[in-house]
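Trainee: Below is the sequence, then the predicted model.
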Amino acid sequence: MIKKAFMLASAVFSEYLHAGSFEGCYSRTDKITSAIPMLNDDGSENNERFKLKTSYINVFKKDDKYFTEGLIWGFNFHICAITAPLEGTTEPLPLVLKGKKLVFEEQEPEYDINCKFELEFDENGLNIKDENYHCSSYMFYCGAHASVNNIQLVKTSKGCN
């Protein structure tokens, strides 16, 4: 009986500990390639075709609710800004805890939009999913060469700036 109670307490505590570990900054740095020649400060063409850019997602809690905001870099310096889909504002995106995932869902049947943005956490960090690309295409401010599907980020000890 004591062994079963200990196992149950361990499982509950483990879930609580895992859920609390969602918060923080997740990032990665990539070489972002330019389709056109880049320019030097004086306006002359630069021989380089890429720059290092850091994509990030910040996950935090406010009043027992989860939120996120971030910036994902794509090809040709296109970006995807992760914020709440409210025109004219840059509010953080509200998330709902579903099992071991944080999820944002928005459906607008009249426009055939079915956005499901998922943050999956594992020992390697964070995996972002937008399998039908509706969030990238309709909910977030994303350039043509940027999306938020199948993006892996690592939890960092420094904060997101």
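Mentor: Nice, thanks for sending it over.
Trainee: tell me, what residue is most central in this structure?
Mentor: Taking C-alpha atoms, centre = their mean as the criterion, residue 57 is the residue nearest the geometric centre of the chain, at 4.5 Å.
Trainee: Secondary structure element holding it?
Mentor: Residue 57 belongs to strand 50-62 when assigned by DSSP states H and E.
Trainee: again with residue 114
Mentor: With DSSP H and E as the test, residue 114 turns up in strand 113-122.
Trainee: who's in contact with that strand?
Mentor: 18, 21-22, 57, 59, 68, 93, 95, 100-107, 126-132, 134-135, 138-139, 148 (C-beta atoms under 8 Å, 6 or more residues apart in numbering). C-beta coordinates here come from the backbone N, C-alpha and C atoms, glycine included.
Trainee: which residue ranges form the strands in this protein?
Mentor: 24-33, 50-62, 65-73, 79-82, 93-98, 101-108, 113-122, 125-129, 141-142, 151-156 (DSSP state E).
Trainee: Compare those and give me the one nearest residue 40.
Mentor: When those are compared by C-beta to C-beta, strand 50-62 sits nearest residue 40, at 12.6 Å.
Trainee: Let's test this: mean pLDDT of the closest one, rounded?
Mentor: Per-residue pLDDT over strand 50-62 has a mean of 94.
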